[in-house]
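> with the input below, show me the fold.
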Amino acid sequence: MALPLIPLLAAAAAAVEAGPVLSAIGGALLGGSVAAGVASIGGSTVRTKDDAQAASRTVVDSRESCKPCPPATSGTKVRNNHGVNWPAYEYQARVTGFAFDTEACRWSDEWKWLGNDYDGFRPGECLLQEAKGNYDQFLDGSIPGADEFFMGFRAMMDIAAIRSRRVQANPPTRLRYYFQGPLTYQKLSAGLSKLRVESEYFP
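Residues are numbered from 1 along each chain as shown. From the prediction side, this is the model:
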């Protein structure tokens, strides 16, 4: 004989509130159909919440990826003249992919943004680049007394601080310094990290 409808609903509600023990009782009374239904409802509720959270993250990520890249929209490639320094030019070109004067080593293409020149720029990553090659010569003892007269590292960090402020004020812009020498990387990477500037040892 079929059970009355109201007791059935009461058993189902009790199973939801009381947990596994009463669910088992409901299953015994109703041939397992109510218990299975309750389990299914609970499981689908969890999946729905997870799906909603995932969808929300997707929307946020999509909005982030759709933000314009300030250096791409307001920056431009420029050709700067420098003194002859073959190792530095070659390293810079290897890091950035930008062209340089392969005949007389007088110029290199760089990226100008908000009054600063950067060695390179990757628009797909919204990443400004600075390549620092051949600086280990001032740290490895090959130039006697370099630690006393060479002020380039201090100037490098001062410029990095200025660049960092502009980058942080214009998300999603990023800035990364590449170091050819391990000694230079070890000397400056911690300070750059405090400035929220990326750094990489790239020999």
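> and stretch 132-143, what's buried?
Residues of stretch 132-143 classed as buried by neighbour count (16 or more other C-beta atoms under 10 Å): 132, 133, 135, 136, 138, 139. Glycine gets a C-beta too; all of them are placed from N, C-alpha and C.
> give me the nearest residue to the second one, chain neighbours excluded.
Looking back up the chat, that one is residue 133. Nearest residue to residue 133, sequence neighbours excluded (C-beta to C-beta, 6 or more residues apart in numbering): residue 91, at 3.0 Å.
> tell me the two of the buried residues of stretch 132-143 that are most distant?
133 and 139 (13.4 Å; C-beta to C-beta).
> find residues that contact each of those two.
Shared contacts of residue 133 and residue 139 (C-beta atoms under 8 Å, 6 or more residues apart in numbering): residue 181.
> thinking again about what came up before, let's have the buried residues of stretch 132-143 in JSON lines, adding distance to residue 179.
Shown next, in JSON lines, are the buried residues of stretch 132-143 (distance: C-beta to C-beta, whole Å):
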{"residue": "132", "distance to residue 179": "5"}
{"residue": "133", "distance to residue 179": "8"}
{"residue": "135", "distance to residue 179": "7"}
{"residue": "136", "distance to residue 179": "9"}
{"residue": "138", "distance to residue 179": "13"}
{"residue": "139", "distance to residue 179": "11"}
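> how long is stretch 91-106 from one end to the other?
End-to-end span of stretch 91-106 (C-alpha to C-alpha, to the nearest Å): 15 Å.
> right, I mislabeled it, should have said stretch 128-141
With C-alpha to C-alpha, one end of stretch 128-141 sits 31 Å from the other.
> how about the nearest residue in space to residue 120 that is not next to it in sequence, phi and psi?
Sequence neighbours aside, residue 96 is the residue nearest to residue 120 in space, at 2.6 Å (criterion: C-beta to C-beta, 6+ apart). Backbone torsions of residue 96, given as degrees, to the nearest 10, read phi -100, psi -30.
> then residue 130?
Per-residue torsions, residue 130: phi -130, psi 120 (degrees, to the nearest 10).
> just grab the bridge partners of the residue nearest to it when sequence neighbours are not counted for me.
Nearest-residue entry for residue 130: residue 177, 4.7 Å, with adjacent residues in sequence omitted and distances by C-beta to C-beta, 6+ apart. Counting by DSSP bridges, residue 177 is bridged to residue 130, residue 199.
> and the residue nearest to residue 120, how many residues sit next to it?
Neighbour count of residue 96, defined by other C-beta atoms under 10 Å: 23.
> now do residue 68
A count of nearby residues for residue 68, using other C-beta under 10 Å, gives 10.
> mind checking how far it is from residue 74?
Look at residue 68 and residue 74: by C-beta to C-beta, to the nearest Å, they are 9 Å apart.
> element containing the residue nearest to residue 133, please.
According to DSSP states H and E, residue 91 maps onto helix 86-96.
> buried stuff in the next helix or strand after that helix?
Sequence-wise, the next helix or strand downstream of helix 86-96 (DSSP H and E) is strand 107-113. Buried residues in strand 107-113, counting neighbours by 16+ other C-beta under 10 Å, are found at 108, 109, 110, 111, 112, 113.
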